[in-house]
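K.L.:
What shape does this take:
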Amino acid sequence: MGLFERYLSLWVALAIAAGVGLGLIAPGVFTSVAALAWARVNLVVAALIWLMIFPMMLKVDPSCLRDVGRRPRGLLLTLVVNWLIKPFTMAALGVLFFQHVFADLVPVEDAQQYVAGMILLGVAPCTAMVFVWSHLTAGDPNYTLVQVSVNDLIMVFAFAPLAGFLLGVTDVVVPWDTLIASVVIFVVVPLAAGVLTARRLIARGGAVAVERLAERLKPASIAGLLLTVVLLFGFQAETIVAQPTRVVLIAVPLVVQSYGIFAIGYGLARLLRLPFAVAAPAAMIGTSNFFELAVAVAISLFGLASGAALATVVGVLIEVPVMLSLVAFANRTRAWFPVDAQGAGASSHALSEAP
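P.N.:
This next block holds a predicted model:
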């Protein structure tokens, strides 16, 4: 394990500090980068996420997808956690903290906005970053792809009615352009690039050539992760400095929700005796959020300067640090789960022992 991987937590902490510092020193640069978006999906962040997930996409074998149907428990677990548990626990935590625990610290109108933003995060399971978390835990790339794809299909039909039900409003407008663009950018494009590249490499040098390229891309993948952290915190540097107390108050229930949902998903996976290569990404999908969609809907419904939009942004800020801690925990507890005898095809990753 190299220096970069061994002290990954330190590099992430430094990236957060660098993002906030650079965002305050040169806000115009981050404003220009933030403007490089298509359908509210930032293209620079998208390129960095491609860099992170491409090694995993190299290992996706479309011919193996049919085998996923023979192992439905991991997929069912993901769907139950994402659609029958996560949205309701997020709403309950929002009400608990902002109508009771923090009631004396936050005006009622602001509290309602924060709860709304949390609900929007809760009904939007992750699409893009889950490939990163799955890769860092040596998850089954084929199974992860199916889990994400099925969730995306359900999201098309369930997002608006579920958000409307929990928010108590009927005029939820789904930003279809953001939803479709995200699926194309974060699933279709990198998947096609990975499959085509792998086929060419296998034709020339066999499977070992694919592994060799994935290994060579490892430093670039980690650099992509750190640069993403710098950008995300740079984009919100002024908000963090201007409203530090509010950011912390919003972060508290979001962190509780993240660790709680992971505990539920990971615990159920252990009870079901799922192989680790399926259990880890199944728990990660429920924990991580589709923040592009949540932010877009919050702005559309409540406005750019609303508390709901701020809550979704705080969700973005806690995402990477929390998920990296869960990746480290999962990798240290992989012995809790049986080995995937059906062969995920996922190789061990150098970050498997990342702190």
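K.L.:
Next, work out how far apart the nearest residue to Phe302 once chain neighbours are set aside and Leu120 are.
P.N.:
What sits nearest to Phe302 in space, not counting adjacent residues and going by CB to CB, 6 or more residues apart in numbering, is Ala308, at 4.1 Å. Quick note: C-beta positions are derived from backbone N, CA and C, even for glycine. According to CB to CB, to the nearest Å, Ala308 stands 7 Å off from Leu120.
K.L.:
shared neighbours, the two?
P.N.:
Ala298 (CB atoms under 8 Å, 6 or more residues apart in numbering).
K.L.:
So between those two, which is more surrounded?
P.N.:
Just comparing Ala308 and Leu120: by other CB atoms under 10 Å the higher neighbour count belongs to Leu120, 32 against 26.
K.L.:
check contacts around that one.
P.N.:
Leu120 makes contact with Ala163, Leu167, Ala294, Val297, Ala298, Ala308, Ala311, Thr312 under the criterion CB under 8 Å, 6+ apart.
K.L.:
could you redo those as a markdown table and give each row pLDDT?
P.N.:
As requested, the contacts of Leu120 are arranged in a markdown table below (pLDDT from 0 to 100):
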| residue | pLDDT |
| --- | --- |
| Ala163 | 83 |
| Leu167 | 81 |
| Ala294 | 81 |
| Val297 | 79 |
| Ala298 | 80 |
| Ala308 | 85 |
| Ala311 | 89 |
| Thr312 | 86 |
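K.L.:
The helix or strand hosting Leu231 - contacts with which helices or strands?
P.N.:
For Leu231, the host element (DSSP states H and E) is helix 218-235. The contact analysis (3 or more CB pairs under 8 Å, 6 or more residues apart in numbering; DSSP states H and E) places helix 218-235 against helix 3-6, helix 8-25, helix 27-34, helix 43-57, helix 307-332.
K.L.:
Could you dump those into CSV with distance to Val247 added?
P.N.:
Output for the helices and strands packed on helix 218-235, formatted as CSV (distance: least, CB to CB, whole Å):
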stretch, distance to Val247
helix 3-6, 29
helix 8-25, 11
helix 27-34, 17
helix 43-57, 20
helix 307-332, 6
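K.L.:
Any idea which of those helices has the lowest pLDDT on average?
P.N.:
Comparing mean pLDDT over the helices and strands packed on helix 218-235, the weakest stretch is helix 3-6, at a mean of 64.
K.L.:
Looks like Ala181 contacts Ala39 (just checking).
P.N.:
Yes: applying CB atoms under 8 Å, one finds Ala181 in contact with Ala39, separated by 3.6 Å.
K.L.:
any idea how far Val256 is from Leu166?
P.N.:
Counting by CB to CB, the separation of Val256 from Leu166 is 18 Å.
K.L.:
So which of these two has more stuff around it?
P.N.:
Using other CB under 10 Å as the criterion, Val256 and Leu166 rank with Leu166 on top: 22 against 15.
K.L.:
In contact with Ile53, which residues?
P.N.:
Ile53 sits in contact with Ala128, Phe131, Val132, His135, Phe186, Pro190, where contact means CB under 8 Å, 6+ apart.
K.L.:
Spatially, what comes nearest to it if we skip its sequence neighbours?
P.N.:
Take Ile53 and drop its neighbours on the chain: the residue closest to it by CB to CB, 6+ apart is Phe131, 3.9 Å away.
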